[in-house]
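> here is a sequence with its predicted model. Questions after.
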Amino acid sequence: MSEAGFTLRSRNSNSHKLRDTARQLNILDKDEVTKLLGLRWESETDIMTYPERPIETTAITTMRYILQIYDPLGFLTPITVKVKILLQDIWKDKFDWDTMLPRSYQQRWLQIATDLNTAMKTQFQRYYFAETDDNQDAADDTKLHIFVDASTQSYGATAYICRRNHSSLVMAKNRVAPLKPLILPKLELMAAVIGARLSQHLRKALGIDKIYYWSDSQIVLHWLSNPEKPNRFIRRRVEEIKNQTGTGSWRYCPTQNNPADLLTRGISASQYQDNKLWFTGPPWLTDEINWPKCKVRDTTVLSTIQPEDDQQTRILRQRTPQIPDTIDVSRFNNLQKLLRVTAYVRRLGYIRCGGRIHNAPLDEYTRFPILLPAKHPLTRLIVLDAHQKQLHSGISATICHLRQRYWIPTIRQCVKSLLRRCITCRKINSPPYSAPDPPPLPAYRVESSPPFTITGVDYSGALFVKSETGLESKAYV
(Lines give C-alpha, C1' and ligand atoms only; values in the text may rest on other atoms or scores of the structure.)
Protein backbone atom coordinates (compact mmCIF):
# COMPACT_ATOMS: atom_id res chain seq x y z
CA MET A 1 0.00 0.00 0.00
CA SER A 2 2.85 2.45 0.90
CA GLU A 3 4.68 1.68 -2.33
CA ALA A 4 1.57 2.68 -4.24
CA GLY A 5 1.28 5.90 -2.26
CA PHE A 6 -1.56 4.75 0.01
CA THR A 7 -0.52 5.17 3.61
CA LEU A 8 -2.64 3.24 6.11
CA ARG A 9 -3.32 5.55 9.01
CA SER A 10 -5.78 3.46 10.99
CA ARG A 11 -5.64 -0.25 11.76
CA ASN A 12 -7.73 -2.57 13.85
CA SER A 13 -7.68 -6.26 14.76
CA ASN A 14 -9.11 -8.72 17.23
CA SER A 15 -5.57 -9.80 18.11
CA HIS A 16 -4.28 -8.11 21.26
CA LYS A 17 -0.71 -8.42 20.04
CA LEU A 18 -1.44 -6.57 16.81
CA ARG A 19 -3.46 -3.99 18.69
CA ASP A 20 -0.55 -3.28 21.03
CA THR A 21 1.83 -2.93 18.07
CA ALA A 22 -0.56 -0.55 16.29
CA ARG A 23 -0.94 1.45 19.50
CA GLN A 24 2.83 1.88 19.80
CA LEU A 25 2.97 3.09 16.17
CA ASN A 26 0.04 5.41 16.87
CA ILE A 27 -2.02 3.95 14.04
CA LEU A 28 -4.60 2.06 16.11
CA ASP A 29 -8.21 2.81 15.23
CA LYS A 30 -9.53 4.84 18.13
CA ASP A 31 -13.17 4.02 17.47
CA GLU A 32 -14.57 1.38 19.79
CA VAL A 33 -16.87 0.12 17.04
CA THR A 34 -15.75 -0.26 13.42
CA LYS A 35 -18.23 0.17 10.59
CA LEU A 36 -18.23 -2.78 8.23
CA LEU A 37 -20.72 -3.34 5.38
CA GLY A 38 -23.63 -1.80 7.19
CA LEU A 39 -22.77 -3.66 10.40
CA ARG A 40 -20.72 -2.74 13.45
CA TRP A 41 -17.67 -4.72 14.58
CA GLU A 42 -16.46 -4.61 18.17
CA SER A 43 -12.85 -5.66 17.75
CA GLU A 44 -12.07 -6.41 21.40
CA THR A 45 -14.99 -8.82 21.84
CA ASP A 46 -14.90 -9.84 18.15
CA ILE A 47 -18.68 -9.66 17.71
CA MET A 48 -20.90 -8.07 15.07
CA THR A 49 -23.90 -5.89 15.82
CA TYR A 50 -26.37 -3.73 13.93
CA PRO A 51 -26.34 0.08 14.11
CA GLU A 52 -28.25 1.54 17.03
CA ARG A 53 -30.97 3.28 15.09
CA PRO A 54 -34.27 2.63 16.85
CA ILE A 55 -37.29 2.66 14.56
CA GLU A 56 -40.17 4.82 15.68
CA THR A 57 -43.12 2.70 16.70
CA THR A 58 -45.60 5.53 16.30
CA ALA A 59 -48.43 5.31 13.84
CA ILE A 60 -47.52 6.01 10.24
CA THR A 61 -49.72 7.61 7.63
CA THR A 62 -48.10 6.75 4.29
CA MET A 63 -45.87 4.09 2.78
CA ARG A 64 -42.95 6.51 2.60
CA TYR A 65 -42.27 6.01 6.32
CA ILE A 66 -41.85 2.24 6.07
CA LEU A 67 -38.14 1.54 6.39
CA GLN A 68 -36.03 -1.14 4.75
CA ILE A 69 -33.16 -2.38 6.91
CA TYR A 70 -29.77 -2.72 5.21
CA ASP A 71 -28.87 -6.34 5.89
CA PRO A 72 -26.23 -7.52 3.36
CA LEU A 73 -25.75 -10.97 4.93
CA GLY A 74 -29.45 -11.58 5.49
CA PHE A 75 -29.18 -12.40 9.21
CA LEU A 76 -32.45 -10.54 9.87
CA THR A 77 -34.30 -12.10 6.93
CA PRO A 78 -36.93 -13.88 9.10
CA ILE A 79 -37.94 -10.43 10.38
CA THR A 80 -37.39 -8.25 7.31
CA VAL A 81 -39.38 -10.57 5.06
CA LYS A 82 -42.51 -9.29 6.77
CA VAL A 83 -41.60 -5.77 5.63
CA LYS A 84 -41.30 -6.94 2.02
CA ILE A 85 -44.63 -8.74 2.19
CA LEU A 86 -46.26 -5.64 3.71
CA LEU A 87 -44.93 -3.40 0.94
CA GLN A 88 -46.12 -5.84 -1.72
CA ASP A 89 -49.61 -5.94 -0.19
CA ILE A 90 -49.72 -2.15 -0.20
CA TRP A 91 -48.72 -2.04 -3.87
CA LYS A 92 -51.36 -4.66 -4.69
CA ASP A 93 -53.99 -2.29 -3.30
CA LYS A 94 -52.52 0.46 -5.53
CA PHE A 95 -51.54 2.86 -2.75
CA ASP A 96 -49.07 5.54 -3.72
CA TRP A 97 -46.11 6.66 -1.61
CA ASP A 98 -48.02 9.56 -0.09
CA THR A 99 -51.48 7.99 0.06
CA MET A 100 -53.09 7.60 3.48
CA LEU A 101 -52.84 3.93 4.53
CA PRO A 102 -55.69 2.06 6.21
CA ARG A 103 -55.51 1.29 9.89
CA SER A 104 -54.89 -2.41 9.27
CA TYR A 105 -51.63 -1.69 7.45
CA GLN A 106 -50.50 0.73 10.16
CA GLN A 107 -51.06 -1.88 12.86
CA ARG A 108 -49.06 -4.43 10.88
CA TRP A 109 -46.17 -1.99 10.56
CA LEU A 110 -46.19 -1.20 14.29
CA GLN A 111 -45.80 -4.89 15.11
CA ILE A 112 -43.01 -5.30 12.56
CA ALA A 113 -41.19 -2.19 13.80
CA THR A 114 -41.31 -3.52 17.36
CA ASP A 115 -39.84 -6.83 16.24
CA LEU A 116 -37.11 -5.07 14.25
CA ASN A 117 -36.04 -2.96 17.24
CA THR A 118 -35.73 -6.12 19.32
CA ALA A 119 -34.02 -8.24 16.65
CA MET A 120 -31.43 -5.55 15.81
CA LYS A 121 -30.05 -5.88 19.34
CA THR A 122 -28.91 -9.43 18.54
CA GLN A 123 -25.14 -9.96 18.55
CA PHE A 124 -23.33 -12.26 16.12
CA GLN A 125 -19.91 -13.84 16.42
CA ARG A 126 -17.63 -12.66 13.63
CA TYR A 127 -15.90 -16.03 13.36
CA TYR A 128 -17.62 -19.14 12.10
CA PHE A 129 -16.02 -21.59 14.50
CA ALA A 130 -15.29 -21.17 18.19
CA GLU A 131 -11.92 -22.88 17.90
CA THR A 132 -9.56 -21.67 15.20
CA ASP A 133 -8.01 -24.60 13.37
CA ASP A 134 -6.24 -23.76 10.13
CA ASN A 135 -4.56 -27.06 9.42
CA GLN A 136 -5.21 -28.81 6.11
CA ASP A 137 -7.31 -31.61 7.61
CA ALA A 138 -9.73 -29.13 9.13
CA ALA A 139 -9.95 -27.17 5.89
CA ASP A 140 -10.73 -30.33 3.92
CA ASP A 141 -13.46 -31.22 6.42
CA THR A 142 -15.28 -27.92 5.87
CA LYS A 143 -18.65 -28.25 4.15
CA LEU A 144 -21.30 -25.85 2.95
CA HIS A 145 -25.03 -26.64 3.26
CA ILE A 146 -27.71 -24.76 1.31
CA PHE A 147 -31.34 -24.95 2.44
CA VAL A 148 -34.17 -23.73 0.20
CA ASP A 149 -37.88 -23.30 0.82
CA ALA A 150 -40.90 -21.34 -0.39
CA SER A 151 -44.36 -20.30 0.67
CA THR A 152 -47.18 -18.57 -1.16
CA GLN A 153 -45.76 -15.23 0.00
CA SER A 154 -41.99 -15.52 -0.49
CA TYR A 155 -39.12 -17.89 -1.24
CA GLY A 156 -35.41 -17.99 -0.49
CA ALA A 157 -32.32 -19.86 0.64
CA THR A 158 -29.94 -19.91 3.59
CA ALA A 159 -26.37 -21.22 3.82
CA TYR A 160 -24.47 -22.84 6.70
CA ILE A 161 -20.80 -23.70 7.04
CA CYS A 162 -19.82 -26.84 8.95
CA ARG A 163 -16.52 -28.10 10.28
CA ARG A 164 -16.39 -31.14 12.51
CA ASN A 165 -18.91 -30.50 15.31
CA HIS A 166 -19.47 -26.80 14.61
CA SER A 167 -21.94 -25.13 12.25
CA SER A 168 -22.76 -21.49 11.71
CA LEU A 169 -25.02 -19.30 9.58
CA VAL A 170 -23.17 -17.72 6.65
CA MET A 171 -25.71 -15.88 4.52
CA ALA A 172 -29.38 -15.83 3.53
CA LYS A 173 -31.35 -14.46 0.59
CA ASN A 174 -35.07 -14.26 -0.07
CA ARG A 175 -37.59 -12.67 -2.41
CA VAL A 176 -41.31 -12.08 -2.30
CA ALA A 177 -43.50 -14.18 -4.56
CA PRO A 178 -44.36 -12.56 -7.91
CA LEU A 179 -47.67 -10.80 -8.33
CA LYS A 180 -48.71 -13.33 -10.96
CA PRO A 181 -49.87 -16.35 -8.94
CA LEU A 182 -47.70 -19.45 -9.24
CA ILE A 183 -48.29 -22.91 -7.85
CA LEU A 184 -46.23 -23.79 -4.78
CA PRO A 185 -43.93 -26.34 -6.52
CA LYS A 186 -42.84 -23.68 -9.00
CA LEU A 187 -42.06 -21.29 -6.14
CA GLU A 188 -40.06 -24.08 -4.50
CA LEU A 189 -38.13 -24.44 -7.76
CA MET A 190 -37.42 -20.69 -7.82
CA ALA A 191 -36.10 -21.02 -4.26
CA ALA A 192 -33.75 -23.72 -5.51
CA VAL A 193 -32.50 -21.26 -8.15
CA ILE A 194 -31.74 -18.71 -5.42
CA GLY A 195 -29.91 -21.43 -3.46
CA ALA A 196 -27.83 -22.41 -6.49
CA ARG A 197 -26.80 -18.80 -7.13
CA LEU A 198 -26.00 -18.28 -3.47
CA SER A 199 -23.78 -21.38 -3.43
CA GLN A 200 -21.74 -20.10 -6.37
CA HIS A 201 -21.16 -16.78 -4.64
CA LEU A 202 -20.03 -18.49 -1.43
CA ARG A 203 -17.93 -21.02 -3.34
CA LYS A 204 -15.83 -18.18 -4.76
CA ALA A 205 -15.72 -16.22 -1.50
CA LEU A 206 -14.92 -19.10 0.87
CA GLY A 207 -13.19 -21.55 -1.46
CA ILE A 208 -15.36 -24.51 -0.38
CA ASP A 209 -16.05 -27.26 -2.90
CA LYS A 210 -18.09 -29.65 -0.73
CA ILE A 211 -21.61 -28.25 -1.04
CA TYR A 212 -24.86 -30.04 -0.18
CA TYR A 213 -28.32 -28.81 -1.11
CA TRP A 214 -31.48 -29.46 0.91
CA SER A 215 -35.15 -29.01 0.04
CA ASP A 216 -38.41 -30.20 1.61
CA SER A 217 -40.19 -30.28 -1.76
CA GLN A 218 -40.18 -33.78 -3.19
CA ILE A 219 -41.66 -32.46 -6.43
CA VAL A 220 -38.60 -30.23 -6.97
CA LEU A 221 -36.27 -33.13 -6.16
CA HIS A 222 -38.15 -35.21 -8.73
CA TRP A 223 -37.78 -32.47 -11.37
CA LEU A 224 -34.05 -32.25 -10.71
CA SER A 225 -33.56 -36.00 -11.02
CA ASN A 226 -36.07 -36.73 -13.80
CA PRO A 227 -34.44 -37.07 -17.24
CA GLU A 228 -37.70 -36.17 -18.99
CA LYS A 229 -38.08 -32.53 -20.03
CA PRO A 230 -41.17 -30.81 -18.52
CA ASN A 231 -42.61 -27.50 -19.66
CA ARG A 232 -40.44 -24.51 -20.56
CA PHE A 233 -40.71 -22.73 -17.18
CA ILE A 234 -39.47 -25.77 -15.29
CA ARG A 235 -36.92 -26.83 -17.90
CA ARG A 236 -35.09 -23.49 -17.95
CA ARG A 237 -34.78 -23.29 -14.18
CA VAL A 238 -33.71 -26.91 -13.85
CA GLU A 239 -30.99 -26.29 -16.44
CA GLU A 240 -29.76 -23.22 -14.54
CA ILE A 241 -29.69 -25.13 -11.25
CA LYS A 242 -27.71 -27.96 -12.80
CA ASN A 243 -25.27 -25.53 -14.42
CA GLN A 244 -24.74 -23.70 -11.13
CA THR A 245 -24.50 -26.70 -8.82
CA GLY A 246 -22.68 -29.09 -11.14
CA THR A 247 -22.28 -32.42 -9.41
CA GLY A 248 -23.68 -31.14 -6.11
CA SER A 249 -26.17 -33.49 -4.51
CA TRP A 250 -29.74 -32.47 -3.67
CA ARG A 251 -31.29 -34.13 -0.63
CA TYR A 252 -34.61 -34.19 1.15
CA CYS A 253 -35.00 -32.25 4.40
CA PRO A 254 -38.11 -32.44 6.61
CA THR A 255 -39.98 -29.16 6.86
CA GLN A 256 -39.59 -28.92 10.64
CA ASN A 257 -35.79 -29.12 10.23
CA ASN A 258 -35.55 -26.67 7.32
CA PRO A 259 -34.22 -23.28 8.52
CA ALA A 260 -35.19 -21.69 5.19
CA ASP A 261 -38.81 -22.12 6.24
CA LEU A 262 -38.28 -19.31 8.77
CA LEU A 263 -37.51 -16.72 6.07
CA THR A 264 -40.52 -17.50 3.89
CA ARG A 265 -43.31 -16.50 6.26
CA GLY A 266 -41.55 -14.49 8.94
CA ILE A 267 -41.32 -15.00 12.69
CA SER A 268 -41.60 -12.75 15.74
CA ALA A 269 -38.64 -11.26 17.60
CA SER A 270 -39.17 -13.61 20.55
CA GLN A 271 -38.96 -16.60 18.19
CA TYR A 272 -35.93 -15.11 16.46
CA GLN A 273 -33.68 -14.58 19.45
CA ASP A 274 -31.59 -17.63 20.41
CA ASN A 275 -33.17 -19.63 17.58
CA LYS A 276 -30.70 -22.49 17.17
CA LEU A 277 -32.34 -23.71 13.97
CA TRP A 278 -31.71 -20.33 12.34
CA PHE A 279 -28.22 -19.58 13.65
CA THR A 280 -26.68 -23.07 13.55
CA GLY A 281 -28.99 -25.14 11.36
CA PRO A 282 -30.70 -28.45 12.21
CA PRO A 283 -29.13 -30.51 15.01
CA TRP A 284 -28.12 -33.36 12.67
CA LEU A 285 -26.23 -31.10 10.29
CA THR A 286 -22.73 -31.94 11.61
CA ASP A 287 -23.40 -35.67 11.86
CA GLU A 288 -23.64 -37.23 8.41
CA ILE A 289 -24.87 -40.53 9.85
CA ASN A 290 -28.07 -38.86 11.08
CA TRP A 291 -28.83 -37.02 7.84
CA PRO A 292 -32.44 -37.59 6.68
CA LYS A 293 -32.81 -40.38 4.16
CA CYS A 294 -35.80 -40.33 1.88
CA LYS A 295 -36.55 -41.86 -1.49
CA VAL A 296 -38.78 -39.61 -3.51
CA ARG A 297 -40.44 -42.42 -5.51
CA ASP A 298 -41.49 -44.30 -2.34
CA THR A 299 -43.48 -41.50 -0.78
CA THR A 300 -46.74 -39.70 -1.38
CA VAL A 301 -46.34 -36.62 -3.55
CA LEU A 302 -48.69 -33.67 -3.11
CA SER A 303 -48.84 -31.09 -5.87
CA THR A 304 -51.08 -28.30 -7.08
CA ILE A 305 -51.76 -28.13 -10.82
CA GLN A 306 -53.62 -25.46 -12.74
CA PRO A 307 -54.73 -26.70 -16.20
CA GLU A 308 -54.37 -24.31 -19.11
CA ASP A 309 -58.09 -24.38 -19.92
CA ASP A 310 -59.35 -24.04 -16.34
CA GLN A 311 -58.61 -21.25 -13.87
CA GLN A 312 -59.43 -23.35 -10.82
CA THR A 313 -56.65 -24.72 -8.67
CA ARG A 314 -56.80 -28.49 -8.58
CA ILE A 315 -55.19 -30.57 -5.87
CA LEU A 316 -53.81 -33.87 -7.02
CA ARG A 317 -52.56 -36.84 -5.06
CA GLN A 318 -50.19 -39.26 -6.75
CA ARG A 319 -48.74 -42.44 -5.29
CA THR A 320 -45.75 -44.06 -6.91
CA PRO A 321 -44.63 -46.34 -8.46
CA GLN A 322 -46.81 -45.41 -11.43
CA ILE A 323 -48.66 -47.55 -13.99
CA PRO A 324 -45.98 -47.29 -16.73
CA ASP A 325 -43.50 -48.90 -14.32
CA THR A 326 -45.57 -52.12 -14.33
CA ILE A 327 -47.81 -52.15 -17.41
CA ASP A 328 -46.59 -51.34 -20.92
CA VAL A 329 -49.66 -49.58 -22.29
CA SER A 330 -48.22 -49.36 -25.81
CA ARG A 331 -48.58 -53.14 -26.19
CA PHE A 332 -52.40 -52.99 -26.11
CA ASN A 333 -54.76 -51.92 -28.88
CA ASN A 334 -57.99 -52.40 -26.91
CA LEU A 335 -58.94 -50.58 -23.73
CA GLN A 336 -61.01 -53.40 -22.22
CA LYS A 337 -58.13 -55.87 -22.60
CA LEU A 338 -55.74 -53.40 -20.97
CA LEU A 339 -58.09 -52.92 -18.01
CA ARG A 340 -58.49 -56.66 -17.51
CA VAL A 341 -54.74 -57.27 -17.54
CA THR A 342 -54.11 -54.33 -15.23
CA ALA A 343 -56.72 -55.55 -12.75
CA TYR A 344 -54.85 -58.84 -12.42
CA VAL A 345 -51.49 -57.16 -11.94
CA ARG A 346 -52.25 -54.35 -9.53
CA ARG A 347 -54.85 -51.89 -8.34
CA LEU A 348 -54.66 -48.36 -9.76
CA GLY A 349 -54.07 -45.34 -7.51
CA TYR A 350 -55.89 -42.82 -9.54
CA ILE A 351 -55.08 -39.13 -9.87
CA ARG A 352 -58.31 -37.18 -9.34
CA CYS A 353 -59.05 -33.51 -9.86
CA GLY A 354 -61.01 -31.42 -7.41
CA GLY A 355 -62.88 -28.35 -8.56
CA ARG A 356 -65.69 -26.31 -6.99
CA ILE A 357 -68.60 -28.68 -7.65
CA HIS A 358 -68.07 -31.03 -4.68
CA ASN A 359 -71.65 -30.54 -3.50
CA ALA A 360 -73.30 -30.83 -6.91
CA PRO A 361 -75.89 -33.63 -7.38
CA LEU A 362 -73.62 -35.41 -9.85
CA ASP A 363 -71.83 -38.71 -10.07
CA GLU A 364 -68.57 -39.01 -8.11
CA TYR A 365 -66.54 -39.40 -11.29
CA THR A 366 -68.05 -36.19 -12.66
CA ARG A 367 -67.31 -34.23 -9.48
CA PHE A 368 -63.81 -35.72 -9.16
CA PRO A 369 -62.68 -36.67 -12.68
CA ILE A 370 -59.55 -38.74 -13.25
CA LEU A 371 -56.63 -36.74 -14.61
CA LEU A 372 -55.07 -38.12 -17.79
CA PRO A 373 -52.04 -36.81 -19.71
CA ALA A 374 -52.91 -35.45 -23.13
CA LYS A 375 -50.22 -37.41 -24.97
CA HIS A 376 -50.22 -40.95 -23.59
CA PRO A 377 -51.17 -44.34 -25.06
CA LEU A 378 -53.72 -44.89 -22.28
CA THR A 379 -55.43 -41.60 -23.08
CA ARG A 380 -55.55 -42.56 -26.77
CA LEU A 381 -57.28 -45.83 -25.98
CA ILE A 382 -59.81 -44.14 -23.67
CA VAL A 383 -60.67 -41.53 -26.29
CA LEU A 384 -61.11 -44.11 -29.05
CA ASP A 385 -63.25 -46.29 -26.77
CA ALA A 386 -65.52 -43.33 -25.94
CA HIS A 387 -65.71 -42.46 -29.63
CA GLN A 388 -66.83 -45.99 -30.50
CA LYS A 389 -69.39 -46.10 -27.69
CA GLN A 390 -70.85 -42.84 -29.01
CA LEU A 391 -71.25 -44.53 -32.42
CA HIS A 392 -68.52 -42.44 -34.01
CA SER A 393 -70.06 -39.12 -33.04
CA GLY A 394 -68.34 -35.79 -33.58
CA ILE A 395 -65.69 -34.01 -31.54
CA SER A 396 -68.04 -32.13 -29.21
CA ALA A 397 -70.12 -35.20 -28.37
CA THR A 398 -67.01 -37.27 -27.66
CA ILE A 399 -65.60 -34.55 -25.39
CA CYS A 400 -68.91 -34.29 -23.50
CA HIS A 401 -68.88 -38.05 -22.89
CA LEU A 402 -65.24 -38.07 -21.75
CA ARG A 403 -65.62 -35.21 -19.28
CA GLN A 404 -68.15 -37.17 -17.31
CA ARG A 405 -65.30 -39.33 -16.00
CA TYR A 406 -61.94 -37.88 -17.11
CA TRP A 407 -60.08 -34.59 -17.20
CA ILE A 408 -57.66 -34.26 -20.11
CA PRO A 409 -55.69 -31.01 -20.56
CA THR A 410 -56.09 -29.60 -24.09
CA ILE A 411 -58.82 -32.21 -24.62
CA ARG A 412 -60.16 -30.70 -27.85
CA GLN A 413 -56.80 -30.91 -29.59
CA CYS A 414 -56.31 -34.45 -28.31
CA VAL A 415 -59.73 -35.68 -29.49
CA LYS A 416 -59.53 -33.85 -32.79
CA SER A 417 -56.15 -35.38 -33.68
CA LEU A 418 -57.39 -38.92 -32.91
CA LEU A 419 -60.75 -38.62 -34.67
CA ARG A 420 -59.03 -37.29 -37.76
CA ARG A 421 -57.39 -40.71 -38.17
CA CYS A 422 -60.58 -42.76 -37.56
CA ILE A 423 -61.10 -44.92 -40.66
CA THR A 424 -64.84 -45.41 -40.10
CA CYS A 425 -65.44 -41.67 -39.82
CA ARG A 426 -63.35 -41.03 -42.89
CA LYS A 427 -65.47 -43.45 -44.90
CA ILE A 428 -68.73 -41.85 -43.82
CA ASN A 429 -67.74 -38.21 -43.74
CA SER A 430 -65.34 -38.19 -46.67
CA PRO A 431 -66.20 -35.71 -49.49
CA PRO A 432 -67.32 -36.95 -52.95
CA TYR A 433 -64.82 -37.74 -55.65
CA SER A 434 -63.54 -34.64 -57.34
CA ALA A 435 -64.17 -33.99 -61.05
CA PRO A 436 -61.53 -35.39 -63.42
CA ASP A 437 -59.05 -33.12 -65.07
CA PRO A 438 -60.47 -31.45 -68.22
CA PRO A 439 -59.25 -32.84 -71.61
CA PRO A 440 -57.00 -30.80 -73.93
CA LEU A 441 -58.61 -28.22 -76.23
CA PRO A 442 -59.36 -29.27 -79.86
CA ALA A 443 -57.01 -28.23 -82.66
CA TYR A 444 -59.35 -25.62 -84.19
CA ARG A 445 -59.46 -23.88 -80.80
CA VAL A 446 -55.74 -23.32 -80.66
CA GLU A 447 -54.74 -22.80 -84.37
CA SER A 448 -54.08 -19.30 -85.74
CA SER A 449 -56.43 -18.05 -88.57
CA PRO A 450 -57.47 -14.64 -90.07
CA PRO A 451 -60.59 -12.87 -88.80
CA PHE A 452 -64.02 -14.05 -90.08
CA THR A 453 -62.63 -17.38 -91.19
CA ILE A 454 -65.56 -18.97 -89.37
CA THR A 455 -68.78 -16.94 -88.97
CA GLY A 456 -72.26 -17.66 -87.72
CA VAL A 457 -75.64 -15.94 -87.89
CA ASP A 458 -78.52 -16.37 -85.51
CA TYR A 459 -81.76 -14.65 -84.58
CA SER A 460 -82.04 -13.08 -81.17
CA GLY A 461 -85.68 -13.91 -80.78
CA ALA A 462 -88.86 -11.76 -80.90
CA LEU A 463 -88.66 -8.38 -79.16
CA PHE A 464 -91.74 -6.32 -78.32
CA VAL A 465 -91.48 -2.65 -79.32
CA LYS A 466 -93.95 0.22 -79.32
CA SER A 467 -94.75 2.23 -82.41
CA GLU A 468 -95.49 5.96 -82.54
CA THR A 469 -99.14 5.22 -82.01
CA GLY A 470 -98.39 3.26 -78.82
CA LEU A 471 -99.19 -0.19 -80.20
CA GLU A 472 -96.87 -3.13 -79.46
CA SER A 473 -95.44 -5.20 -82.31
CA LYS A 474 -92.79 -7.86 -82.74
CA ALA A 475 -89.31 -7.10 -84.10
CA TYR A 476 -86.35 -9.31 -84.90
CA VAL A 477 -82.60 -8.79 -85.07
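Yep, that arrived.
> Pro436 - how many residues pack around it?
Other residues lying near Pro436 total 6 when counted by other C-beta atoms under 10 Å. Where you see a C-beta, it was placed from the backbone N, CA and C, and this is true even at glycine.
> distance check, it against Ser430.
Pro436 sits 18 Å away from Ser430, going by C-beta to C-beta, to the nearest Å.
> which pLDDT does the model give Pro72?
With respect to pLDDT, Pro72 has a value of 86.
> hang on, I meant Thr80
The per-residue pLDDT reported for Thr80 equals 90.
> by contact count, what packs against the host helix or strand of it?
If you go by DSSP states H and E, Thr80 is part of helix 77-92. Packed against helix 77-92 by the contact rule (3 or more C-beta pairs under 8 Å, 6 or more residues apart in numbering; DSSP states H and E) you find helix 103-119, strand 154-163, strand 166-176, helix 262-265, helix 269-272.
> tell me which of the ones you listed sits most buried.
Mean neighbours per residue, mean count of other C-beta atoms under 10 Å, is largest over the helices and strands packed on helix 77-92 for strand 154-163, with a mean of 26.
> domains for the protein, by residue range?
Following automatic domain parsing, one finds the domains of the chain at 1-28, 31-70+91-126, 138-298, 302-426.
> where in the stretch 1-150 of the chain is pLDDT low?
Low-confidence segments of the stretch 1-150 of the chain (pLDDT under 70): 68, 130-139.
> repeat the analysis, applying 80 as the threshold.
The stretch 1-150 of the chain contains residues with pLDDT under 80 at 1-2, 7-9, 37-38, 53-54, 56-61, 65-69, 130-140.
> winner for burial among the domains of the chain?
Of all the domains of the chain, domain 138-298 carries the top mean neighbour count, a mean of 18, counting by mean count of other C-beta under 10 Å.
> distance from the chain centre to it, please.
Chain-centre distance of domain 138-298: 15 Å, with C-alpha atoms, centre = their mean, to the nearest Å.
> pLDDT below threshold where in the stretch 301-450 of the chain?
Along the stretch 301-450 of the chain, the parts satisfying pLDDT under 80 run over 301-333, 340-351, 355, 430-433.
> can you give me the strands in the stretch 201-350 of the chain?
Using DSSP state E, counting those that start in this stretch, the strands found in the stretch 201-350 of the chain span residues 211-215, 249-252, 300-305, 314-319.
> got the contact list for the residue nearest the centre of the chain?
Most central residue of the chain, judged by C-alpha distance to the mean C-alpha position with C-alpha atoms, centre = their mean, is Lys186 at 2.0 Å. Lys186 makes contact with 233-234, according to C-beta atoms under 8 Å, 6 or more residues apart in numbering.
> switch to 10 Å and redo it
Applying C-beta atoms under 10 Å, 6 or more residues apart in numbering to Lys186 gives the contacts 150, 155, 177-178, 219-220, 223, 231, 233-234, 237, 304, 306.
> please apply the same query to Val220.
Val220 touches 148, 150, 185-192, 234, 237-238, 241, 250, 252, 296, counting by C-beta under 10 Å, 6+ apart.
> ok, the residue lying closest to Arg405 once chain neighbours are set aside to Tyr406 distance?
In space, and not counting its chain neighbours, Arg405 is closest to Tyr365: 4.4 Å by C-beta to C-beta, 6 or more residues apart in numbering. Distance of Tyr365 to Tyr406, given as C-beta to C-beta: 8 Å.
> now swap in Leu169 and tell me
Leu169 is 49 Å from Tyr406, by C-beta to C-beta.
> and for Thr142?
From Thr142 across to Tyr406, the span is 54 Å (C-beta to C-beta).
> give me the mean pLDDT for stretch 212-227.
The average pLDDT within stretch 212-227 is 88.
> what is the end-to-end distance of it?
End-to-end distance for stretch 212-227, by C-alpha to C-alpha, to the nearest Å: 21 Å.
> and for stretch 3-13?
Span of stretch 3-13 from end to end, C-alpha to C-alpha: 23 Å.
> tell me the contacts of the closest residue to Thr158 other than its chain neighbours?
Among residues not flanking Thr158 along the chain, Ala172 sits closest, at 4.1 Å (C-beta to C-beta, 6+ apart). Shown in contact with Ala172 (C-beta under 10 Å, 6+ apart): 71, 73-78, 81, 147, 156-160, 194, 198, 259-260, 262-263, 278.
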